[in-house]
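Trainee: what's the 3D shape of this:
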Amino acid sequence: AVKRLEDNTINTYKGGFTTCDLEDPHFQFRFKKGKLIPDDKIVTGGIYLEIEDIPLPLGLPFAIMPLSKTRTSGVVIPNYGNSHERGFFLENGGYYWRINDYFDFKLLGDIYSRGSWAVKPSVRYKKRYKYDGSLGFSFAVNKLGIKGTSGYSSRNDFKIRWIHRQDPKARPRSSFSANVNFVTSSYNKYNPATTTDYLSNTFNSSIAFQTSFLKNKVNLTLSAGHSQNTLNHTMTFTL
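Mentor: Numbering: from 1, shown residues only. Prediction:
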């Protein structure tokens, strides 16, 4: 039930809130009573999480959910499912924090019923006409099979991803760039972010700095690179 008041606020009875764009959403937060303030926020009483029309014992006595056209901080709803080797899981759930107009921070995590877990913090930064980029680190404990059986294994994996770009207008006489993609041999086998990650077995990184001085008569270039093959476990560094 919905009732619009004279100040354009809307009172609702037995409603839901979701970011899923399907007509029948995969997940939503259900509440009995709430008030919607257009272009501002939703205020509710008791609220609980519902996935595939199944209510879960995850709730709060009240909630205030922002309605904004700009980026806002908030909870990231995890994906759920079942893995043959690691059991039932919740993946990529956590919190997004919009620090200011130049930085934001995201902390995501995975958890599996057979003991595997992962934590994935990342930060993005941008300063107009200066530079922009992102830095992310992932650490995962992958436990496969059932403990005590012959097929059980456990290993630690990690990934480092750093991208930095400098605006050409920032320093006309010098530039700095970075594209780092370093992973352990089995990280993308069990923790891929995309299909391309899962299918890839070669990874490369590069960091470069270039400058000129003495009225452009002298140029200096410094660079470092990394190349690895996760199939034969070879790794090469250049400087």
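
Trainee: Tell me the strands beside the helix or strand where Gly16 lies, with direction?
Mentor: Per DSSP states H and E, Gly16 falls inside strand 10-17. With DSSP bridges as the test, strand 10-17 is paired with strand 2-4 (antiparallel), strand 27-37 (antiparallel).

Trainee: my guess is Thr196 is in a strand, correct?
Mentor: No - counting by DSSP: H, G, I helix; E, B strand; the rest coil, Thr196 is not found in a strand; it is helix.

Trainee: Could you list the residues in contact with stretch 112-119?
Mentor: 83, 85-89, 107-111, 138-147, 154, 190-191 (CB atoms under 8 Å, 6 or more residues apart in numbering). The way it works is simple: take the backbone N, C-alpha and C, and place the C-beta from them, glycine included.

Trainee: Buried subset of those residues as a ChimeraX selection?
Mentor: Remark: buried members of the contacts of stretch 112-119, expressed as a ChimeraX selection using 16 or more other CB atoms under 10 Å:
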select :85,86,89,108,109,110,111,138,139,140,142,143,144,190,191
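
Trainee: just checking, which of the contacts of stretch 112-119 belong to strands?
Mentor: 83, 87-89, 107-111, 138-144, 154 (DSSP state E).

Trainee: Neighbouring strands of the least confident helix or strand in the chain by mean pLDDT in the sheet, and parallel or not?
Mentor: Lowest on mean pLDDT, DSSP states H and E among the helices and strands of the chain sits strand 63-66, with a mean of 80. According to DSSP bridges, strand 63-66 forms sheet pairs with strand 41-44 (antiparallel).

Trainee: so how far is the strand it pairs with from its chain's centroid?
Mentor: Relative to its parent chain, strand 41-44 has a centroid offset of 26 Å by CA atoms, centre = their mean, to the nearest Å.

Trainee: how about the helices in the chain?
Mentor: Taking DSSP state H as the test, the helices found in the chain are 187-190, 195-199.

Trainee: Please identify the most buried of the ones you listed.
Mentor: Sort the helices of the chain by mean neighbour count, taking mean count of other CB atoms under 10 Å, and helix 187-190 sits at the top with a mean of 20.
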